[in-house]
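**Student:** Sequence isn't available, so here's the structure alone:
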Ligand SMILES: Nc1ncnc2c1ncn2[C@@H]1O[C@H](COP(=O)(O)OP(=O)(O)OP(=O)(O)O)[C@@H](O)[C@H]1O
């Protein structure tokens, strides 16, 4: 029971010390101790990575922690052999012991824990062979044994679910079994191994080296084979045909593009009110085309004023207003420049339509044309000045605004890589940068910092519309949060509300979103980032299940791997951080606002994860782990 679990943890603490001493042992339940998580009133997770644990894991502790599903003691200084009663943890799914000084053979009792899904014993001093008994782990998806002293041959592992495998930098020899040949060469380097995906084994025409792979892999570059005359002729003919085909496709595309361009102009003149028509126009054209009766008054006003005063820039004519720049933003362009800029529609959002405008001087900006502004002019100015004053590197800076009776424009920096939403759910074709853990965790951290900054400006200041289409990216994939402060200016939208999947259950008025409701939305965004699933995904809606509930149901069932975006699973050694970020997303998307963490707590947790995945725990990170219990 929980009391026995608590006692076991205390025994572990006295045997290994480290930063477990910060546990508040006066508490009768261990469930809020740093690194401990309970499920159904039992300790289910024990994570103490990089907390200076030293010495040998004691025997007699784990026989009490029988409901343990995840044990992570990686990056410590644990020595000696594994305790035999670890075998009693028959629910254990994830065992992370990498980065210690554990030694001896990988013990046989380990193979009785058939529930294991992820096993990482890398970077230790394990010796002896890799047993055939690894085949007992029928559910195993991850097996990391790299950087040990393991010797002998690699057994023929028939683990159908195995996705991640690494035995590099050991003392292994012999040929790589056929079933493991689909893993990349980095999984095997640093041994005396041969056969696919490494070099062919000397003197063998059969074993390993010439087996046709079942999945793609890095091709053995050292292999040289002579081609027959027929094959060479085939290649030459194929290449020539291929070349002509490419030329034909290119010619076709060029013709199509030029015909599309002229067609879009034609259509534009016929159906001027259709915003979505792509094609090169100027901002002034866009304005004239947009107006359904009223015209785009900025263009009209600007044109009139410029003719009138001949100055350009700030418009002083009767009824005309200025383009107002914010604080530090240098006024490198004026309204006239903006109107002459070529413009293209970026998309239609809750608050209006966004355009990309390329100014003649080369500056690129995003212009948002607001609709349904419900507040008075003075209130608009007051609120937009507040937005303009927000200055933090993870926010999309608002450079200027324009206000007249008929038109309200906001001018932002243009973010060249587009939105996180487009990146996650848009074109997944070739040439796209793979969204690995580093990029995704960096985006999570940047977005969290941006939101935390907003929250730090006052207890009543929130974003109100956090979602993946409002996290924009620089060319280096740095995250910038956009659209902050607009929910309070613009009335409820008539367009389909894409915020639904992100909105906290307690929110009834979209203009009154608390900071804790922002945290909920951010939690959904984290889950989206990790699963690659849009929270408003039709399938999920059909089932009537939202993203947080769906993730929770899977996590409860199996702890994780199924929920992650497949692209993320390809990257090694970060699975634990992924699980932790997933847990953070779930915590943020808790049903009751009071149980959600604050944004500053969330930011610190992500910082900690990013540092830990760089395998370099910093002293301050360790404090954060301890802070966990104070939440
Ligand atoms: N500063 C910017 N740089 C680059 N693209 C932008 C910029 N601002 C908006 N966009 C893109 O323009 C499109 C429309 O954005 P907009 O913010 O108007 O709507 P949204 O984010 O889809 O929804 P909402 O209005 O509810 O936030 C989105 O695809 C967004 O990624």
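**Tutor:** Right, received. Where do you want to start? Bear in mind the structure is a predicted one, so any value in this text is a computation, not a measurement.
**Student:** Look at residue 426 and say how many residues are nearby.
**Tutor:** Using other C-beta atoms under 10 Å, residue 426 is surrounded by 11 other residues. (C-beta placed from N, C-alpha, C; glycine too.)
**Student:** mind listing what it touches?
**Tutor:** Residues in contact with residue 426 (C-beta atoms under 8 Å, 6 or more residues apart in numbering) are residue 418.
**Student:** On the pLDDT front, check it for me.
**Tutor:** At residue 426, the predicted lDDT confidence score is 80.
**Student:** got it, and residue 177?
**Tutor:** So residue 177 comes in at 94 (pLDDT).
**Student:** need the contact list for the closest residue to it other than its chain neighbours.
**Tutor:** Nearest non-adjacent residue to residue 177, counting by C-beta to C-beta, 6 or more residues apart in numbering: residue 156, 4.0 Å away. Residues near residue 156 by C-beta under 8 Å, 6+ apart: 132, 177, 178, 179.
**Student:** what about 10 Å?
**Tutor:** Contacts of residue 156 were listed using C-beta atoms under 10 Å, 6 or more residues apart in numbering, and they are 132, 135, 176, 177, 178, 179, 180.
**Student:** Just the buried ones among those, please.
**Tutor:** If you count burial by 16 or more other C-beta atoms under 10 Å, the buried members of the contacts of residue 156 come out as 176, 177, 178, 180.
**Student:** For stretch 383-402, buried residues please.
**Tutor:** 384, 387-388, 390, 392, 394-402.
**Student:** center of this structure - which residue?
**Tutor:** residue 440 (2.9 Å; C-alpha atoms, centre = their mean).
**Student:** follow-up on the earlier one: quick one: which of the buried ones among the contacts of residue 156 is nearest the ligand?
**Tutor:** Of all the buried ones among the contacts of residue 156, residue 180 has the smallest distance to the ligand: 42.8 Å, by C-beta to the nearest ligand atom.
**Student:** mind listing what the closest one touches?
**Tutor:** 143, 154-157, 159, 162, 165, 167, 187-188, 193, 195-197, 208.
**Student:** Excluding covalently adjacent residues, which one is nearest to residue 164?
**Tutor:** Nearest to residue 164 is residue 142, by C-beta to C-beta, 6+ apart, at 4.3 Å.
**Student:** I'd like the distance between that neighbour and residue 88.
**Tutor:** 22 Å (C-beta to C-beta, to the nearest Å).
**Student:** for residue 606, same thing?
**Tutor:** Distance, residue 606 to residue 88, using C-beta to C-beta: 35 Å.
**Student:** Neighbour count for those two, which is higher?
**Tutor:** residue 606 (23 against 19).
**Student:** Let me know the secondary structure of the residue nearest to the more buried one when sequence neighbours are not counted.
**Tutor:** Once flanking residues are discounted, residue 606 sits nearest to residue 445: 4.7 Å by C-beta to C-beta, 6+ apart. Following DSSP: H, G, I helix; E, B strand; the rest coil, the label given to residue 445 is helix.
**Student:** Quantify the burial of residue 445 by counting its neighbouring residues.
**Tutor:** 21.
**Student:** Am I right that it is in contact with residue 522?
**Tutor:** No - applying C-beta atoms under 10 Å, one finds residue 445 not in contact with residue 522, separated by 11.7 Å.
**Student:** Now for the two: what residues contact both?
**Tutor:** residue 602.
**Student:** tell me the pLDDT at the residue nearest to the centre of the chain?
**Tutor:** So, for residue 440, pLDDT stands at 93.
**Student:** Give me the contact status of the helix or strand containing it with the ligand.
**Tutor:** In this assignment (DSSP states H and E), residue 440 forms part of helix 437-456. No - residues of helix 437-456 contacting the ligand under C-beta under 6 Å from any ligand atom: none, with a closest distance of 13.4 Å.
**Student:** what residues are up against residue 445?
**Tutor:** Residue 445 touches 394, 478, 479, 581, 602, 603, 605, 606, 607, 609, 610, counting by C-beta under 10 Å, 6+ apart.
**Student:** re the thing from before, Three-state assignment for the residue nearest to residue 177, please.
**Tutor:** Assignment for residue 156 (three-state DSSP): coil.
**Student:** now, among the buried residues of stretch 383-402, which is nearest to residue 115?
**Tutor:** Of all the buried residues of stretch 383-402, residue 115 sits closest to residue 394, with 40.8 Å by C-beta to C-beta.
**Student:** Which neighbouring residues are in contact with the nearest residue to that closest one once chain neighbours are set aside, exactly?
**Tutor:** Among residues not flanking residue 394 along the chain, residue 450 sits closest, at 3.3 Å (C-beta to C-beta, 6+ apart). Residue 450 makes contact with 390, 392-396, 463, 466, 471, 479-482, 484, 599, 603 under the criterion C-beta under 10 Å, 6+ apart.
**Student:** quick one: which of the residues you listed sit in strands?
**Tutor:** 471, 479, 480, 481 (DSSP state E).
**Student:** Most neighbours among these, which one?
**Tutor:** residue 471 (29 neighbours).
**Student:** Would you mind confirming that it is in contact with residue 447?
**Tutor:** Yes - assessed by C-beta under 10 Å, residue 471 is found in contact with residue 447 at 4.9 Å.
**Student:** can you list residues touching both of the two?
**Tutor:** By C-beta under 10 Å, 6+ apart, the residues touching both residue 471 and residue 447 are 394, 420, 479, 480, 481, 522, 525, 529.
**Student:** Tell me the residues of the stretch 401-550 of the chain that contact the ligand?
**Tutor:** Residues of the stretch 401-550 of the chain lying near the ligand (C-beta under 6 Å from any ligand atom): 412-415, 418-419, 465, 469-470, 472, 482-483, 498.
**Student:** try 5 Å this time
**Tutor:** The stretch 401-550 of the chain has residues 412, 414, 415, 419, 469, 470, 483 near the ligand, with proximity defined as C-beta under 5 Å from any ligand atom.
**Student:** can you give me the helices in the stretch 451-600 of the chain?
**Tutor:** Assigned by DSSP state H, counting those that start in this stretch, the helices in the stretch 451-600 of the chain fall at 515-531, 538-543, 547-558, 566-569, 575-588, 599-613.
**Student:** so residue 366 makes contact with residue 400?
**Tutor:** No - contact criterion C-beta under 10 Å: residue 366 and residue 400 do not qualify, at 11.6 Å.
**Student:** any residues in contact with both of these two?
**Tutor:** 410, 411, 412.
**Student:** Look up the closest residue to the second one, ignoring the ones flanking it.
**Tutor:** This points to residue 411. In space, residue 411 is closest to residue 400, 4.3 Å off (C-beta to C-beta, 6+ apart).
**Student:** Run through the residues that contact the one you found.
**Tutor:** 322-326, 329, 331, 333-335, 338, 365, 367, 384, 388, 409-412.
**Student:** Over to residue 442?
**Tutor:** 436, 473, 476, 477, 478, 479, 606, 610.
**Student:** looking at these, which has the most residues close by?
**Tutor:** residue 479 (25 neighbours).
**Student:** That one and residue 394 touch, don't they?
**Tutor:** Yes - Residue 479 is within contact range of residue 394, at 6.0 Å (criterion: C-beta under 10 Å).
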